[in-house]
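Undergrad: have a look at this prediction, sequence included:
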Amino acid sequence: DQFPDNTDLVDADIYKGGVFLGCQFGSAAMYIWALGVLAAGQSSTMTGTYAGQFAMEGFLNLQWKKWQRVLFTRTIAILPTFFIAFYENIQDLSGMNDLLNCLMSLML
């Protein structure tokens, strides 16, 4: 039973949300969920990348070629993410994602 009639806390995170959708509504729902999460991540990454590029141009007064600027800022954005995802298990990443979402909601 996914939703028992009691007041116990439910252990839910972004990973289990996708699995739940897949089990309840079929694999198509799980893929739609995955695409939505991917699109949200890409949107966030692009915002950070553009902010980094503008900061490099304006605040630091670095006049690099566009391809060098893009390569540098995207490498800075993706390498830490890749290393954390590669060396941690999915449960740790889900907990970290939940913590970051809470922090971001407080900042907004």
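TA: Thanks, I have it. Numbers count the residues shown, from 1 in each chain.
Undergrad: okay, Phe54 and Leu103: tell me how far apart.
TA: 23 Å (Cβ to Cβ, to the nearest Å). (Glycine included, C-beta is placed from N, CA and C.)
Undergrad: with Arg74 instead?
TA: For Arg74, the distance to Leu103 under the criterion Cβ to Cβ works out to 23 Å.
Undergrad: also Asp11?
TA: Distance, Asp11 to Leu103, by Cβ to Cβ: 20 Å.
Undergrad: give me phi/psi at the most centrally placed residue in the chain?
TA: Relative to the mean C-alpha position of the chain, the nearest C-alpha, by Cα atoms, centre = their mean, is the one of Gly41, at 4.4 Å. Note on Gly41: its backbone torsions stand at phi -70, psi -40 [degrees, to the nearest 10].
Undergrad: so for it, what's the pLDDT?
TA: Looking at Gly41, its pLDDT reads 80.
Undergrad: try the one 10 residues further on
TA: What the model reports as pLDDT for Ala51 is 81.
Undergrad: helix, strand or coil for Leu62?
TA: Each residue gets one of three states, and Leu62 gets coil by DSSP: H, G, I helix; E, B strand; the rest coil.
Undergrad: so it versus Leu99, what's the distance?
TA: Between Leu62 and Leu99 the computed distance is 33 Å (Cβ to Cβ).
Undergrad: give me the residues contacting stretch 81-99.
TA: Residues outside stretch 81-99 that contact it (Cβ atoms under 8 Å, 6 or more residues apart in numbering) are 13-16.
Undergrad: if you count neighbours, what's buried in that stretch?
TA: Ser94 (16 or more other Cβ atoms under 10 Å).
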